[in-house]
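K.L.:
Provided below are the primary sequence and the corresponding predicted coordinates.
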Amino acid sequence: MPTIRVELMEGRTVEQKRALVHALTQAVVETLKSKPEAVDVLLYDIKRHDWATGGVLWSEKESG
């Protein structure tokens, strides 16, 4: 049973997440020949103040 963990910066809509989950599931089905019901996708929304790139929090990049 393939499990895909996706970490996203918060703010995506349910529709965007639904489309992503569908696309990832289809890719696994086509590539690994899995059944769709065997594919798990876990989505984790990360707050901007909990994510940093280049030593700078994303919440600080927005404000300045």
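P.N.:
Received it, and whenever you're ready, just let me know what you need. Residues are numbered from 1 along each chain as shown.

K.L.:
going forward, measure contacts and count neighbours with C-alpha atoms only.
P.N.:
OK.

K.L.:
All the helices of the chain, in order from the start?
P.N.:
With DSSP state H as the criterion, the chain has helices at 14-32, 58-63.

K.L.:
With respect to those helices, which exhibits the lowest mean confidence?
P.N.:
Mean pLDDT is lowest for helix 58-63 among the helices of the chain, at a mean of 82.

K.L.:
just to revisit the earlier point, what's the most buried one of the helices of the chain?
P.N.:
Highest mean neighbour count of these: helix 14-32, a mean of 14 (counted as mean count of other CA atoms under 10 Å).

K.L.:
same for it, what does it pack against?
P.N.:
Contacts defined by 3 or more CA pairs under 8 Å, 6 or more residues apart in numbering; DSSP states H and E place helix 14-32 against strand 40-46.

K.L.:
mind redoing it with 10 Å?
P.N.:
strand 3-9, strand 40-46 (3 or more CA pairs under 10 Å, 6 or more residues apart in numbering; DSSP states H and E).

K.L.:
between those, which one is nearest to Thr31?
P.N.:
Closest to Thr31 of these, according to CA to CA: strand 3-9, at 13.7 Å.

K.L.:
Tell me the helices and strands packed up against the closest one.
P.N.:
On a contact count with 3+ CA pairs under 10 Å, 6+ apart, strand 3-9 meets helix 14-32, strand 40-46.

K.L.:
would CSV of the ones you listed with distance to Thr3 be doable?
P.N.:
Output for the helices and strands packed on strand 3-9, formatted as CSV (distance: least, CA to CA, whole Å):
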stretch, distance to Thr3
helix 14-32, 10
strand 40-46, 5
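
K.L.:
Of all these, which one is nearest Ala52?
P.N.:
For Ala52, the closest of the helices and strands packed on strand 3-9 is strand 40-46, at 10.6 Å, according to CA to CA.
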